[in-house]
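Novice: Provided below for reference: sequence and predicted model.
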Amino acid sequence: MHQESAIREPLILGDKSYSDITNDVLKPIVGKADRSWYIVFGLASVMALWGIGCILYLLGTGIGTWGLNKTVGWAWDITNFVWWVGIGHAGTLISAVLLLFRQKWRMAINRSAEAMTIFAVMMAAVWPGIHMGRIWLAYFVFPLPNQFGSLWVNFNSPLLWDVFAISTYFSVSLVFWYIGLIPDFATIRDKVTQVVPKKVYGLLAFGWTGNAKAWNRFEEVSLVLAGLATPLVFSVHSIVSMDFATSVIPGWHTTIFPPYFVAGAVFSGFAMVNTLLIIMRKVLNLENYIHIKHIEYMNIVIIVTGSIVGVAYLTELFVSWYSGVEYESYAFINRATGPYWWAYWAMMTCNVISPQVFWFKKLRTNITFTFFMSIIVNIGMWFERFVIIVTSLHRDYLPSSWTMFHPTFVDIGCFIGTIGIFFVLFLLFARFFPVLALNELKSILKSSGEAYKKQTLEH
Amino acid sequence: MDFIFTNKSKITFAIFMAIGLIALIVGMPHDAESNTRFWANILVNGFFFFGISLGTLFFLALQYATEASYLTVLKRVFEGISQYMWVGAITLIIFFAACSLHWNHIYHWMDPAATHEFVIEGTIDSAHPEYTNDATVEGAIENHHYDSIIAGKTAYLNQGFFWLRTIAYLAVWLFFVNLFRKRSLKEDQEGGTKIHFKNMVYSAIFLVFFAYTSSTASWDWLMSIDTHWFSTLFGWYVFSGIWVSAMITIVLLTLYLKSKGYLEVVNKSHMHDITKWMFAISFLWSYLWFSQFMLIWYSNIPEEVTYYMTRIEHYRGLFFGVFAVNFIMPMVILMSRDSKRSIGYALVVGIVIFIGHWLDVFLMVMPGTVGSHWHFGFLEIGTFIGFLGLFLFTVFRSLAKAPLVVKNHPFLDESKHLHI
């Protein structure tokens, strides 16, 4: 039998019973949404609509409506793409890697983190899609036989590897997320009384009966999927980093990119989880399940991954000098002191210096401050990708073609649009889906629930 | 039950060490040209076994920092392995001293001929020519051995700074080896949770220091052998190597101790967990190996690709073979739950990839030192056996000095009840 040490802090606060958990999680689904949900949803929809408008304008008119030029051929588009893919890493890390590490605190956050992952990956996929210009020919990214057209994809290109990596990641994340949802959908099906929702949740629950054999298979599949998803957490952002690192552009070609991108992705993903969950726990009254200990753990992950990213920045900077290669050194001098110095220092401040305040327990257990920091990290990680992409391109080997990048309203509109769509999807999720893995939470109630822990200690 | 370092084991390890000593003594004169092969062997083994103790210290600190409980029953084994760092540090210092005294030319940047633009005319033919960077010195003529790339690195790669760094790494790492050991023994006596919570703080400090110094140490000690070459990933690659070597050693040592009837509280679930670590870090190592190799191979930039050209031209079979074995063998054999819990599979995979990771260090050192004139002779095998004897002797001695399972650790009960 599992025995938990007395010094471990409880993960579920208050005196909760099994049915309390069910009711707490189901409240937003069976009840009516309050005014604040409609306000935020309205705002997100406006952003989404504006973004969709900009995207349609872009598709109708052409990529020229972005601020790209001959020297800077990749800018906000790929920055946003990498930013969103990065954010999409936390969910699978939490659900898969932390499952393998038997971290029980993940149970309160994995469901919403996985949802966030799926929506973030969808937003990421928008960018290469619209960047093609003629999106109706997008199927050419897949290896189609020559008879179909006259093109065959280039298997040497990391951009193609991206297609495979991201679509695999998306599929596995989706399946993993959905399988976790099945028993919870069944619980909702059994709880709701209205006819239509009962039918819909019944359909979504795939006829889950909850017998021992079903649970047994459920757990086995979860472990297998966790095992499959763990290498995917590494592979996706490694391959994204190879989009840059296989080139011969100074500032792009550096061997540390794959693991450093993965660390950065987890870093930004956890920041986004913090942003979303700090609001969600409040709005949906889930403070007993997602409490300060969970936030502290996430802040610790942020400080660890932020520091790994910091070590990588300094390594790159040092090796650019150590290499003795003139172009390499200049790329980094230009980043720090050139016309884009502000972007570089925004990145350094937001990603490396500011997370260090989490070394203080007072600050990492302060919810308002954590929320503020999570936004800072999101900004910092956007700038990181901007710095890598634009500062490396804008001053290339040929000084006569040096130039700057200026975003147009379409650049900005499309970006804000993806943020809007992302929030629309997340808000719908929070309204209609069980936002906590309630069946998993029940499994730790007796070992990690506050009231039960107290009882054990008294005996 | 306390561990007893039997006379039989002592004699066995003494024989191992004697073989090593003989190999070194016999091997030296065969290798006239500044004894490169001899010293390269010392570095390979000195670093490999030192790395095991450092990797174990890292893993111990990681256990503290993450409040991990499942391996608390094995904490003394970790401490025992990390105690080798004292001896390992001495072997490395002897090696670096020999480099500094120019008994060998392993580090080209230590050679004043490479870093000075001019040589004093009259001294060229003497045993110790005088070099200068000042063209106005009387008799200064162009130095044909001057290497502008190496000279460009002297701000970092110079003897004074190198020694300063090396001493700093070793001093701080050893400080933590001692600190964790002392506090662990103290916890046995005193109990309570104070020591435990403070250990978390100390381990966080260690991990921050380690994050930087594990990279810089691998640049200093290994990457600077190929002085021209550079790779930002190198530090993390070496780190993954020492970590996996540490995990393999932990698995093998635990299996040995259990076979002798020790560590009764260590059950199948614990074995499953440490073998899983060996399996997982093998993946990490393979991932970093591939990342570094693929990116350099793909870009094919002359400055970088030379590193792999040497390895592929002169070490082809070994180079790809080591990757294949260290990656595929744990992946295929240890994938299933049952094999992770089986003594036989863990033992066989452990022994093979233990040698595999020794060869990985061999491949980091040899191509930049002996180049195409590499061998697997009595010198290589004997030195390995000698160092293995030294390592095991030290580790067994420290295991015998304290109870084999900790007492009073707040997670001990949780750890004993591990069931997965």
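Specialist: All right, it came through fine.
Novice: who are the contact partners of the residue nearest to the spatial centre of chain B?
Specialist: Central residue of chain B (Cα atoms, centre = their mean): residue B:51, 2.3 Å from the mean position. The neighbours of residue B:51, taking Cβ atoms under 8 Å, 6 or more residues apart in numbering or on different chains as the test, are B:238, B:241-242, B:245-246, B:361. C-beta: built from backbone N, CA, C; applies to glycine.
Novice: TSV for those residues, including secondary structure and neighbour count?
Specialist: Below are the contacts of residue B:51 laid out as TSV (DSSP: H, G, I helix; E, B strand; the rest coil; neighbours: other Cβ atoms under 10 Å in any protein chain shown):
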residue	secondary structure	neighbour count
B:238	helix	25
B:241	helix	27
B:242	helix	25
B:245	helix	28
B:246	helix	27
B:361	helix	22
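Novice: let me know the closest of those to chain A.
Specialist: Proximity to chain A was ranked across the contacts of residue B:51 by Cβ to the nearest Cβ; first place goes to residue B:238, at 12.6 Å.
Novice: isn't the closest one right next to residue B:214, touching?
Specialist: Yes. With contacts counted by Cβ atoms under 8 Å, residue B:238 reaches residue B:214, the gap being 7.4 Å.
Novice: the helix or strand of chain A with the lowest mean pLDDT packs against which elements?
Specialist: Ranked by mean pLDDT, DSSP states H and E, the weakest helix or strand in chain A is helix A:450-458, scoring a mean of 78. When contacts are defined as 3 or more Cβ pairs under 8 Å, 6 or more residues apart in numbering or on different chains; DSSP states H and E, helix A:450-458 packs onto helix A:438-448.
Novice: let me see the mean pLDDT of the helix or strand that contains residue A:310.
Specialist: Under the criterion of DSSP states H and E, residue A:310 resides in helix A:292-322. Across helix A:292-322, pLDDT averages out at 92.
Novice: next helix or strand past that helix?
Specialist: helix A:326-337.
Novice: put the alpha carbons of that following helix into PDB.
Specialist: Only the C-alpha atoms of helix A:326-337 are listed here, as PDB (Å, rounded to 0.1, in the frame of the first residue of the first chain):
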ATOM      1  CA  GLU A 326      34.000  36.700 -37.300                       C
ATOM      2  CA  TYR A 327      30.400  36.300 -38.500                       C
ATOM      3  CA  GLU A 328      29.400  34.400 -35.500                       C
ATOM      4  CA  SER A 329      30.800  37.000 -33.100                       C
ATOM      5  CA  TYR A 330      29.200  39.800 -35.000                       C
ATOM      6  CA  ALA A 331      25.800  38.200 -35.000                       C
ATOM      7  CA  PHE A 332      25.800  38.300 -31.200                       C
ATOM      8  CA  ILE A 333      27.400  41.700 -30.900                       C
ATOM      9  CA  ASN A 334      24.700  43.000 -33.200                       C
ATOM     10  CA  ARG A 335      22.000  41.400 -31.200                       C
ATOM     11  CA  ALA A 336      23.100  43.000 -27.900                       C
ATOM     12  CA  THR A 337      24.200  46.400 -29.200                       C
END
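Novice: tell me which residues of it come out buried.
Specialist: Judged by neighbour count (16 or more other Cβ atoms under 10 Å in any protein chain shown), helix A:326-337 contains these buried residues: A:328-329, A:331-332, A:334-335.
Novice: what is the mean pLDDT for whichever helix or strand comes after it?
Specialist: Using DSSP H and E, the helix or strand that follows helix A:326-337 towards the C-terminus is helix A:341-348. Here helix A:341-348 scores 94 as its mean pLDDT.
Novice: what does chain A put close to chain B?
Specialist: Within reach of chain B by Cβ under 8 Å from any Cβ of the partner chain, chain A has these residues: A:1-8, A:102, A:231, A:234, A:238, A:242, A:245-248, A:253-259, A:307-308, A:311-312, A:315-316, A:319, A:322-325.
Novice: can I get the buried ones among those residues as something I can paste into ChimeraX?
Specialist: Buried subset of these, written as a ChimeraX selection, criterion 16+ other Cβ under 10 Å:
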select /A:4,5,8,234,238,242,245,246,247,253,254,255,256,257,258,259,307,308,311,312,315,316,319,322,323,324,325
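Novice: re earlier: out of the buried residues of helix A:326-337, who's nearest chain B?
Specialist: Nearest to chain B among those, counting by Cβ to the nearest Cβ, is residue A:328 at 8.9 Å.
Novice: just checking, residue A:182 touches residue A:209?
Specialist: No. Applying Cβ under 8 Å, one finds residue A:182 not in contact with residue A:209, separated by 10.8 Å.
Novice: quick check: the residue of the stretch 51-200 of chain A nearest chain B.
Specialist: For the stretch 51-200 of chain A, Cβ to the nearest Cβ, closest residue to chain B: residue A:102, 7.7 Å.
Novice: for that residue, grab phi and psi.
Specialist: Torsion angles at residue A:102 (phi, psi; degrees, to the nearest 10) stand at phi 60, psi 40.
Novice: ok, it - contacts?
Specialist: Going by Cβ under 8 Å, 6+ apart, residue A:102 touches B:70, B:420.
Novice: pLDDT and distance to residue A:62 for the buried residues of helix A:326-337 - can I get that in JSON lines?
Specialist: Listed next are the buried residues of helix A:326-337 as JSON lines, based on pLDDT from 0 to 100; distance: Cβ to Cβ, whole Å:
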{"residue": "A:328", "pLDDT": "90", "distance to residue A:62": "35"}
{"residue": "A:329", "pLDDT": "92", "distance to residue A:62": "38"}
{"residue": "A:331", "pLDDT": "92", "distance to residue A:62": "31"}
{"residue": "A:332", "pLDDT": "92", "distance to residue A:62": "35"}
{"residue": "A:334", "pLDDT": "93", "distance to residue A:62": "31"}
{"residue": "A:335", "pLDDT": "92", "distance to residue A:62": "31"}
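Novice: any regions of the stretch 351-459 of chain A where pLDDT drops low?
Specialist: Applying pLDDT under 70 to the stretch 351-459 of chain A picks out residues A:459.
Novice: looking from chain B, tell me which residue of it is nearest.
Specialist: residue A:359 (8.2 Å).
Novice: what's the burial count for the residue of the stretch 1-150 of chain B found nearest chain A?
Specialist: Nearest residue of the stretch 1-150 of chain B to chain A: residue B:149, at 4.8 Å (Cβ to the nearest Cβ). Here the number of neighbours of residue B:149 (other Cβ atoms under 10 Å in any protein chain shown) works out to 15.
Novice: picking that back up, residue A:182 and residue A:209: which is more packed in?
Specialist: Neighbour count, other Cβ under 10 Å: between residue A:182 and residue A:209, residue A:182 has more, with 17 against 10.
Novice: for the spatially closest residue to that one that is not a sequence neighbour, give me the pLDDT.
Specialist: Once flanking residues are discounted, residue A:182 sits nearest to residue A:208: 5.3 Å by Cβ to Cβ, 6 or more residues apart in numbering or on different chains. Confidence at residue A:208, expressed as pLDDT, is 91.
Novice: SS state for residue A:208?
Specialist: Three-state call for residue A:208 (DSSP: H, G, I helix; E, B strand; the rest coil): coil.
Novice: before we move on, what about residue A:37?
Specialist: Going by three-state DSSP: residue A:37 is helix.
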